[in-house]
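Asks: Below: sequence and its predicted model.
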Amino acid sequence: MPVNRLIVVDGGSTDGTIEVVKNYNNIEVFYDIEGTRGSARQIGILKANTEWFFFLDSDVILHDGWFEKARKFMQNSKVGAIQGSEISIGLTKDMSEFAYAIDKLAEGIKRRSVDRIIIDTKSRGFTGCVLIRRKAVDDIKIPSKLHDYEDWFIKRYIEERGYQWLINKDLKFTHFHRGGKPEDNFYISYIATFTGFLSLRTVLRRTVTIIPKVLFALCLRPNFKIVSRQIKSQLYTLVGCLKCELSTERLELESKLEIGAGRSPTFGFVHQDIRKLPHIEHVCDAKKLPFPDNRFKEIRAVDVLEHFEWRDIRQVLKEWNRVLRPNGLIYIQCPNVAEICRLFLERNEITDWEKFSYYMFGAQDYPENTHKTGFDMEGLSRILNETGYKVQKIQSDGGTNILCWAKKKQNRSPSI
């Protein structure tokens with residue numbers, strides 16, 4: 001693999017690592033004493049300045065030809081990360097035998113996979129051996145709390161920016177596992193729940209099915225250590241998940257708020273909606289947000305503003321302004337009523353009253369999904385200026401919507 005710079009992030013090693021790496025050229029060492037994998041990854045990303053960079057953990061060995069095989073995928077502009085295929089060694093005998101039994105069980109019931117352990121490097125991602133396009137992680141801020149599941153955070157960040165996280169079976173690497181203790185699953189489960197990777201429903205399903213899985217494993221491999229380890233591991237997993245659920249602590253990704261997130265919340269934001277939906281952390285009316293002043297650096301409101309009565313629009317925009325930091329950015333998307341009317345009158349695209357009514361008045365498939373206010377670009381710009389914003393850019397999306405970017409004025413803090 002061609003190496004432009006070798007960046008070592010050391011968390012306080014005592015095995016002579018630093019002495020060894022100093023014997024090589026183009027080495028830069030950065031210390032992250034008492035840090036986490038999350039903080040170490042963040043340092044590595046900040047220090048890398050090439051178009052692509054490679055994360056390689058100290059317990060990973062690449063197989064021959066890894067980079068040559070990966071090179072062809074780098075030409076695809078849609079690929080943001082290239083991950084290899086893991087060959088695990090170092091698992092204890094009972095862990096290996098349980099894994100073997102579960103694979104056989106999956107084959108027997110003709111399911112592609114059956115839950116066996118909390119670590120799933122395909123859906124979770126694995127940053128111990130991954131080539132990443134620098135542009136795909138611009139502005140990422142990995143929470144330093146993440147000593148586990150920082151790879152899930154990075155993978156989701158890249159995918160939410162429209163890039164593909166590619167896993168190729170020909171890019172082999174060997175991963176040396178240290179064989180953790182069952183009680184380690186408490187912290188791992190807590191963090192997995194905290195990041196949203198793991199749900200209580202999934203953990204409960206695994207807990208209910210652990211006994212038949214263990215009994216099946218014993219039929220194939222009569223090793224009674226399987227019973228002790230797997231049941232203890234699953235119980236610690238359950239307790240860790242419950243602790244996180246009961247604490248109501250969730251990862252509020254950066255300081256960005258999505259208002260009216262609905263059924264498709266945007267990754268990297270705290271999510272608000274008036275309906276109780278999956279992944280919505282704050283169920284409330286957007287006219288009165290449960291946040292302190294100047295809480296967020298960015299607000300996103302797509303297809304939201306038109307759902308308020310016209311007489312309440314100033315109050316709504318002032319409330320959003322209150323929780324936005326000075327010079328913070330707000331992005332608003334809403335229907336362009338002038339364009340909708342033009343298309344209808346000209347019978348261009350909007351050719352009948354039903355389609356016109358849908359665009360103008362909303363789908364009306366649930367009580368809150370009705371349009372009560374209409375904007376054109378001039379009117380939206382004017383009311384934003386009146387309520388404490390400075391419009392940076394406003395344009396049509398080429399169809400029936402207005403796209404608007406504005407910043408909170410620093411010399412004004414409107415009150416309701």
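Replies: Received it, and whenever you're ready, just let me know what you need.
Asks: Can you check the pLDDT for Arg412?
Replies: Looking at Arg412, its pLDDT stands at 42.
Asks: Toward the C-terminus, what is the element adjacent to whichever helix in the chain runs longest?
Replies: Criterion DSSP state H: the longest helix present in the chain is helix 225-247. Where DSSP states H and E defines the elements, the next helix or strand beyond helix 225-247 is strand 256-259.
Asks: Report all helices and strands that that following strand contacts.
Replies: Helices and strands touching strand 256-259, by 3 or more Cβ pairs under 8 Å, 6 or more residues apart in numbering; DSSP states H and E, are strand 270-273, strand 296-302. Every residue, glycine included, has its C-beta placed from N, CA and C.
Asks: What's the first helix or strand after the longest one?
Replies: Using DSSP H and E, the helix or strand that follows strand 296-302 in sequence is helix 313-323.
Asks: I'd like to know how far the residue nearest the centre of the chain sits from Asn185.
Replies: Of all residues in the chain, the one closest to the mean position by Cα atoms, centre = their mean is Arg156, 3.7 Å from it. Applying Cβ to Cβ, to the nearest Å, one obtains 22 Å for the distance of Arg156 from Asn185.
Asks: Quick check: Asn223 vs Ser96, distance?
Replies: According to Cβ to Cβ, Asn223 stands 10 Å off from Ser96.
Asks: show me where pLDDT drops low in the protein?
Replies: Along the chain, segments meeting pLDDT under 70 span 91, 109-121, 178-179, 248-254, 411-416.
Asks: Going along the chain, name the helices of it.
Replies: Counting by DSSP H, the helices of the chain are 17-21, 37-47, 66-74, 93-108, 121-124, 150-160, 184-195, 200-220, 225-247, 313-323, 337-345, 353-361, 377-386.
Asks: other SSEs contacting the fifth one?
Replies: Spelled out, it's helix 121-124. With contacts taken as 3+ Cβ pairs under 8 Å, 6+ apart, helix 121-124 sits against helix 150-160.
Asks: Quick one: the helices of the chain as CSV, columns for distance to Gly399 too.
Replies: CSV is the format used below for these (distance: least, Cβ to Cβ, whole Å):
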stretch, distance to Gly399
helix 17-21, 55
helix 37-47, 36
helix 66-74, 34
helix 93-108, 46
helix 121-124, 35
helix 150-160, 23
helix 184-195, 36
helix 200-220, 38
helix 225-247, 42
helix 313-323, 23
helix 337-345, 8
helix 353-361, 10
helix 377-386, 14
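Asks: Is it correct that Val9 is in contact with Phe30?
Replies: Yes: using Cβ atoms under 8 Å, Val9 is in contact with Phe30, at 5.2 Å.
Asks: The two: which has the busier surroundings?
Replies: Shown here are Val9 and Phe30; by other Cβ atoms under 10 Å, Val9 has more neighbours (19 against 13).
Asks: Let me know which of the helices of the chain is the nearest to Ser264.
Replies: helix 150-160 (11.0 Å; Cβ to Cβ).
Asks: Keeping just the C-alphas, turn the closest one into CSV.
Replies: Extracted C-alpha coordinates of helix 150-160, given in CSV (Å, rounded to 0.1, in the frame of the first residue of the first chain):
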residue,chain,number,x,y,z
GLU,A,150,-17.6,5.0,16.7
ASP,A,151,-17.5,2.9,13.5
TRP,A,152,-21.3,2.9,13.3
PHE,A,153,-21.3,6.6,13.8
ILE,A,154,-18.8,7.1,11.0
LYS,A,155,-20.6,4.7,8.7
ARG,A,156,-23.9,6.4,9.2
TYR,A,157,-22.4,9.8,8.7
ILE,A,158,-20.9,8.8,5.3
GLU,A,159,-24.1,7.1,4.1
GLU,A,160,-26.3,10.0,5.1
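Asks: got the angle for it vs helix 37-47?
Replies: Relative orientation of helix 150-160 and helix 37-47, computed by axes from the mean of the first three to the mean of the last three Cα atoms, to 10 degrees: 50 degrees.
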